[in-house]
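A.B. asks: I would like the atomic coordinates for the input below:
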Amino acid sequence: MTFVIGYSNQALKFLKQADKVLARRILDKLELLVNEPVGRNAKAIEGYKEKLYRVRVGDYRILYEVDHENKKIGIIKIDHRSKVYQ
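C.D. replies: From the prediction side, this is the model:
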């Protein structure tokens, strides 16, 4: 039951600009999502049309959506917790 991850332009740009330690921590967290897209650390986010989830990586958040039918995870946004919901 492995999912495929797709990245938005914002998420790719963030990962390229982040320092190597932070980028590695985020990628490690994303690897966990491949096997369990809505794990116990994932929280559903209210107020969006789509059903979005978020996971924490320190002071950073990863917002993503899950397509269970097609086994896909879409990474919508990665940013600091103060900016990610804007």
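
A.B. asks: quick one: low-confidence parts of the protein?
C.D. replies: For the chain, applying pLDDT under 70 flags the ranges 1, 49.

A.B. asks: ok, now with 80
C.D. replies: Across the chain, residues meeting the criterion (pLDDT under 80) sit at 1, 47-50.

A.B. asks: Please, where are all the strands along it?
C.D. replies: Assigned by DSSP state E, the strands in the chain fall at 4-7, 43-45, 52-57, 60-67, 72-80.

A.B. asks: What lies in contact with the second one?
C.D. replies: Outside of strand 43-45, the residues that reach it under the criterion C-beta atoms under 8 Å, 6 or more residues apart in numbering are 51-55, 63, 85. Quick note: C-beta positions are derived from backbone N, CA and C, even for glycine.

A.B. asks: again, 7 Å this time
C.D. replies: For strand 43-45, the external contacting residues (C-beta atoms under 7 Å, 6 or more residues apart in numbering) are 51-54, 63.

A.B. asks: Buried ones among the residues you listed?
C.D. replies: Buried residues within the contacts of strand 43-45, counting neighbours by 16 or more other C-beta atoms under 10 Å: 52-54, 63.

A.B. asks: Rebuild the residues you listed as CSV, extending it with distance to residue 12.
C.D. replies: Formatted as CSV, these follow (distance: C-beta to C-beta, whole Å):
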residue, distance to residue 12
52, 18
53, 19
54, 18
63, 14
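
A.B. asks: now, which of these sits nearest residue 42?
C.D. replies: Closest approach to residue 42 among the buried ones among the contacts of strand 43-45 (C-beta to C-beta): residue 53, at 4.5 Å.

A.B. asks: Deepest in the core, which of the strands of the chain is it.
C.D. replies: Scoring the strands of the chain by mean neighbour count under mean count of other C-beta atoms under 10 Å gives strand 60-67 as the most buried, with a mean of 20.

A.B. asks: what does that one contact?
C.D. replies: Residues outside strand 60-67 that contact it (C-beta under 7 Å, 6+ apart): 22, 26, 29, 37-38, 45, 50-55, 73-81, 84.

A.B. asks: and if you look at stretch 74-86?
C.D. replies: Contacts of stretch 74-86 with the rest of the structure, by C-beta under 7 Å, 6+ apart, involve 5-8, 10-11, 14-15, 26, 52, 59-65.

A.B. asks: No further queries at this time; thank you.
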